[in-house]
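> return a 3D structure for these sequence lines:
(one chain, ligands or ions: 1)
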Amino acid sequence: MSELLRIPEHRRAAIAALRDALRPGMRVALSTHINADGDGCGSQTALARLLAQMGLQVWIVNPTPWPELFRWLLGDDVRDRSAEGAAALAGIDRLIVLDISDIGRLGVLADAVRALPQDALVIDHHLPGKEPPGRTMLSDTKACATAELVFDFARECGLEISTSVARSLYTALVTDTGGFRFGNTSPRCLAVAAELLTHGVDPEAMYARIYGSVPLGRLFLLRDALDTLEVDLPEGMAWVTVPAGALERHQVSSEDLDGVAEYPRSIAGVSLALLFRDLGHGKVKVSFRSIAGVNVNALAKVFGGGGHARASGALIEGGIEDVKRRVLAEARRLRASGALADSPDPSVPH
Ligand SMILES: [Mn+2]
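Coordinates of the predicted model:
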């Protein structure tokens, strides 16, 4: 076993607190953020199977429907009750919230979670949010994905990493690191991925499932988005806009926008990229992406959002043109003032 896989002491303590809160026979719900991504879905399906090994009754309740792209992760043993909404939280003994640092990311479930008699347990790797979903946290911004922490939980609790658990965790690692390319691709991340390969993961088959099985509409959506590309090279900024109704027109869902913001970010000389998505009811979802040296979390925070230094998001009220004007102006202003420069502290995670 690689030295890299040793579990840091603070994580071990947090895992012990989590384990102490769970008992065989308990009914446990797992939730992740609106528009669940590969890390949310992979962490949930892995943890559901691990907790089942511990004798718990587990199901998933997410604020938005399970993404089609990751339906295969559920298999026939993990139950998704998201369609029932907050009613699926009735009678649970514990809720575990994954891949979220702010309760607002639970969308329509947020109020029901605030009203739970039991404190929610949290496993996450985001920068701290305004209102944490719970107080008992296994949280580390140095984890490349929430799934890295789920992997640690499994090992610390002596649970079996079955092939289906390994596939779930690997999906999360691959997607949250952009295919092991982003700044969060740590030595430990690759060591965990290597370990997962020894538990039956086939990387080529995983690639085919995650990146080689997208609906045709996803490419039409990408084509339309790239058609809106605007660039401000002197400022090192580029952005694309997705108009209201575009997803419906191409019969795709928001998960099919994953990765679109990588295109403006990929341009030589661009260090800050944005994706504006007009939700069509006076709200615009903005995705912020940056490269080393630029902290977009600081920009997203101005608009009530957040996330990571290199990838953040915010939901902003206003018409699309109005929001674009305000966000671009604020981005230029903060860059000029140095407020988006990365912290000189090298330990600040990406
Ligand atoms: Mn994540």
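
> for the one residue in the stretch 151-300 of the chain that gets nearest to the ion, what are phi and psi?
Sorted by distance to the ion under Cβ to the ion, the residues of the stretch 151-300 of the chain start with Asp176, at 4.6 Å. For every residue, glycine as well, the C-beta is placed using N, CA and C. Dihedral angles of Asp176 (phi, psi; degrees, to the nearest 10) stand at phi -70, psi -20.

> show me what contacts it?
Applying Cβ atoms under 8 Å, 6 or more residues apart in numbering, we find Asp176 in contact with Asp37, Gly38, Asp39, Cys144, Ala145, Thr146, Ala147, Phe182, Asn184.

> gap between the residue of the stretch 201-350 of the chain found nearest the ion and Phe288?
In the stretch 201-350 of the chain, the residue that lies nearest the ion is His308 (8.3 Å; Cβ to the ion). Plainly put, His308 is 10 Å away from Phe288 if you go by Cβ to Cβ, to the nearest Å.

> more neighbours, the two?
Ranked by neighbour count (other Cβ atoms under 10 Å), His308 and Phe288 place Phe288 first, with 31 against 24.

> leaving out chain neighbours, which residue sits closest to that one?
By the measure of Cβ to Cβ, 6 or more residues apart in numbering, the closest residue to Phe288 outside its immediate chain neighbours is Val296, 3.8 Å from it.

> leaving out the residues flanking it, which one is nearest to Arg110?
Slight slip there: residue 110 is Ala, not Arg. Across the structure, with Cβ to Cβ, 6+ apart as the measure, the residue nearest Ala110 apart from its sequence neighbours is Ile103 (5.1 Å).

> pretty sure that neighbour is touching Arg135, no?
No. Judged on Cβ atoms under 8 Å, Ile103 makes no contact with Arg135 at a distance of 11.8 Å.

> kindly check the end-to-end length of stretch 62-82 for me.
5 Å (Cα to Cα, to the nearest Å).

> off-centre distance for it?
15 Å (Cα atoms, centre = their mean, to the nearest Å).

> buried sites along it?
Asn62, Pro63, Thr64, Trp66, Pro67, Leu69, Phe70, Leu73, Leu74, Val78, Asp80, Ser82 (16 or more other Cβ atoms under 10 Å).

> who in the stretch 151-300 of the chain is up against the ion?
On the criterion Cβ under 5 Å from the ion, the ion has as its neighbours in the stretch 151-300 of the chain the residues Asp176.

> and for the stretch 1-150 of the chain?
Proximity of the stretch 1-150 of the chain to the ion is assessed by Cβ under 5 Å from the ion, with Asp39, Asp99, Ala145, Thr146 identified as the residues in range.

> with secondary structure as added columns, please give these in TSV.
Supplementary listing: those in TSV, determined by DSSP: H, G, I helix; E, B strand; the rest coil:
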residue	secondary structure
Asp39	helix
Asp99	coil
Ala145	coil
Thr146	helix
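
> ok, of those residues, which one's closest to the ion?
Taking Cβ to the ion as the measure, the ion lies nearest Asp39 of these, at 3.4 Å.

> I'd guessed the closest one sits against Thr175; true?
Yes. With contact defined as Cβ under 8 Å, Asp39 counts as touching Thr175 (6.2 Å).

> more neighbours, Ile103 and Arg135?
Ile103 (21 against 10).

> can you pull the contacts of that one?
Contact analysis of Ile103 by Cβ under 8 Å, 6+ apart lists Ala110, Val113, Arg114, Gly129, Glu131, Pro132, Pro133.

> so Phe276 is in which element?
Using DSSP states H and E, the secondary-structure element containing Phe276 is strand 272-278.

> helices and strands around that strand, which ones?
Applying 3 or more Cβ pairs under 8 Å, 6 or more residues apart in numbering; DSSP states H and E, we find strand 272-278 packed against strand 237-242, helix 262-265, strand 283-290, helix 320-337.

> now do the contacts for Arg335.
Applying Cβ under 8 Å, 6+ apart, the residues contacting Arg335 are Glu235, Gly236, Leu272, Val294.

> and if you look at Glu195?
Glu195 sits next to Met1, Ser2, Leu5, Phe151, Ile161 when contact means Cβ under 8 Å, 6+ apart.

> and the buried residues of stretch 62-82 as TSV, adding pLDDT and secondary structure?
Shown next, in TSV, are the buried residues of stretch 62-82 (pLDDT from 0 to 100; DSSP: H, G, I helix; E, B strand; the rest coil):
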residue	pLDDT	secondary structure
Asn62	98	coil
Pro63	98	coil
Thr64	97	coil
Trp66	97	coil
Pro67	94	coil
Leu69	92	helix
Phe70	96	helix
Leu73	98	helix
Leu74	98	helix
Val78	98	coil
Asp80	98	strand
Ser82	98	helix
